[in-house]
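*Asks:* below is the sequence, then the predicted model.
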Amino acid sequence: MAGKRRSKGLKGSKTAEGERMPIVSNTAAMALSIPELLSNVFSFSACGDTELAISARVCKTWTDPALDELWRAIDSIFPLMELVVDLDSFNMAREDPETLEIQQAFGTLQKRKLRLKTFLFSASVIGESSEAALALWLKDMDRLEEIVLPPYYITARILNSIKTLPQLQIIRQIIDSKYQDSDTGMLGTLPSGSFPSLVELTFTATPTAARHLLFNSTTSFTSLTTLHLHATKDIKADQVLAFTQQLAAHCPTITSIELALFLGPAFRDQGASVLPIGILESLYPCKHLNDLKINHPLPLKLNGADVENMAHAWPQISHLCLCSDPNFSFPVTEQMGNSLSILSVFALHLPYLITLGLYFNGEDRVTFGGYLYPRCQFTQLRSLIVGLSPDPKTHTRDLGFYLASLCSEPVSVSWGIRGWMPKRMPPDAAECEKAWRDVKEVMAFAMRVKLAEEC
């Protein structure tokens, strides 16, 4: 009889309508009770949040893995706040953020231990109460891997809360051109082991303040591979140089650097100068550098020796963009910037570049010799960024075929502003854009001819 009962049980039970309901075998049930396996299954959920929410209510065993995946990344604080406050009567963006409601909301959230991996917080609130409550809430996010915050929330209090999070790899600050008076709140000397897993940092600060944050401790931030610094206050070349020198010494594994440098009205009266080549030279020790972008109000001019030195210093460089879109509220003359002939030097020493951004002057000309297959060509170039370069004096046909001769694959030529900084455009912007668009079309035609001949 016992054997018969087991046989019936394996077939399933009958419903009121007489249909048999299948039941899960013990082996399958055991497999589906393993948290690691459930987490892996839920990570491939095809139906997104809805399916995960349903799965979380199947049984207690499934609840935590399903909710972990469901709340793995959030791009707004408000779904969480709806759990504890009535958002119809609560407004975080009102003029007076110093309210008890903000403290209560984040205080209640603090009692709910969430296993977030990514947290993005975008708000226009600047207030002591919200900052303090958010800092307390973040302190226990031991699974957090990425955090994105507004500029006015990268403060000493917030940094102090998250400096020991064991899995935190990415800190990004939302960069906003409307908020330029931001300087990251600095801690004192960081204790040993701060930010143990951090590899990417984007923030707004002066170079001096950035040095204070990053390099006061010999054991913090040494694993950084990506650094984006937006200096939105008046800065001087010696401040930038001191920062880049310490960056190269402190972060030997860094692969990506972006420096967005801002000069205010005072520098226009005093006479601003181009960025010294010493800034680039100070980064030569960064042997793993793959991506370098520097934005400055005035163009940077390179010579053949500079290009050769960069090639020796950065054998892995793939993306290079140097001061391609200056600010024409400063005295940008036609003599400033690079000669078009410098491109052949780049093709000789850095043929593996994928992106190249430069500002070209409006005086130097190049001629096309009639040969589309020179010895030195870019082998991987996909994007040539000419920024706000003036109308080239070289004939459109000559320039288009000259560029095509330096490339082995079709390349996109782009004119215009890149980045968030507000800038004054050149007075003849429309004519310049059209001229470079014509060059792009001729180059595309020349590339089709070149590739057809190769076939």
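*Replies:* Done, it's in.
*Asks:* please count neighbours and contacts with C-alpha atoms only from this point.
*Replies:* Noted.
*Asks:* give me the below-cutoff pLDDT ranges for the stretch 301-450 of the chain.
*Replies:* Counting by pLDDT under 70, the stretch 301-450 of the chain contains low-confidence ranges at 419-422.
*Asks:* that one: strands as residue ranges?
*Replies:* 319-322, 355-357, 383-387, 412-415 (DSSP state E, counting those that start in this stretch).
*Asks:* what's the shortest one packed up against?
*Replies:* Identification of packing neighbours for strand 355-357 by 3 or more Cα pairs under 8 Å, 6 or more residues apart in numbering; DSSP states H and E yields strand 319-322, strand 383-387.
*Asks:* a helix runs through L227, doesn't it?
*Replies:* No: L227 is assigned strand when assessed by DSSP: H, G, I helix; E, B strand; the rest coil, not a helix.
*Asks:* in CSV: the helices and strands packed on strand 355-357, plus mean neighbour count and distance to L340.
*Replies:* Listed next are the helices and strands packed on strand 355-357 as CSV, based on neighbours: other Cα atoms under 10 Å; distance: least, Cα to Cα, whole Å:
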stretch, mean neighbour count, distance to L340
strand 319-322, 20, 15
strand 383-387, 21, 10
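*Asks:* tell me both backbone torsions, phi and psi, for the closest residue to L289 other than its chain neighbours.
*Replies:* The shortest distance from L289 to any non-neighbouring residue, by Cα to Cα, 6 or more residues apart in numbering, is to T255 (4.0 Å). Backbone geometry at T255, expressed as degrees, to the nearest 10, gives phi -120, psi -20.
*Asks:* got the helices and strands packed on strand 355-357 as JSON lines, with distance to F262 columns?
*Replies:* Output for the helices and strands packed on strand 355-357, formatted as JSON lines (distance: least, Cα to Cα, whole Å):
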{"stretch": "strand 319-322", "distance to F262": "14"}
{"stretch": "strand 383-387", "distance to F262": "17"}
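*Asks:* between those strands, which one is nearest to L165?
*Replies:* strand 319-322 (31.7 Å; Cα to Cα).
*Asks:* the residue nearest to L289 against Y284, yeah?
*Replies:* No: using Cα atoms under 8 Å, T255 makes no contact with Y284, being 12.0 Å away.
*Asks:* now the end-to-end length of stretch 295-315.
*Replies:* 22 Å (Cα to Cα, to the nearest Å).
*Asks:* from the chain's centroid, how far away is it?
*Replies:* Mean-position distance between stretch 295-315 and its chain equals 23 Å (Cα atoms, centre = their mean, to the nearest Å).
*Asks:* need the residues that contact that stretch.
*Replies:* Stretch 295-315 is contacted by residues 259-263, 273-275, 284-290, 317, 322-328, 330, 332, 336-338, 342, 345-346, 349-350, 359 when judged by Cα atoms under 8 Å, 6 or more residues apart in numbering.
*Asks:* next, format the strands of the stretch 301-450 of the chain as CSV and append distance to F401.
*Replies:* Shown next, in CSV, are the strands of the stretch 301-450 of the chain (distance: least, Cα to Cα, whole Å):
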stretch, distance to F401
strand 319-322, 23
strand 355-357, 18
strand 383-387, 15
strand 412-415, 13
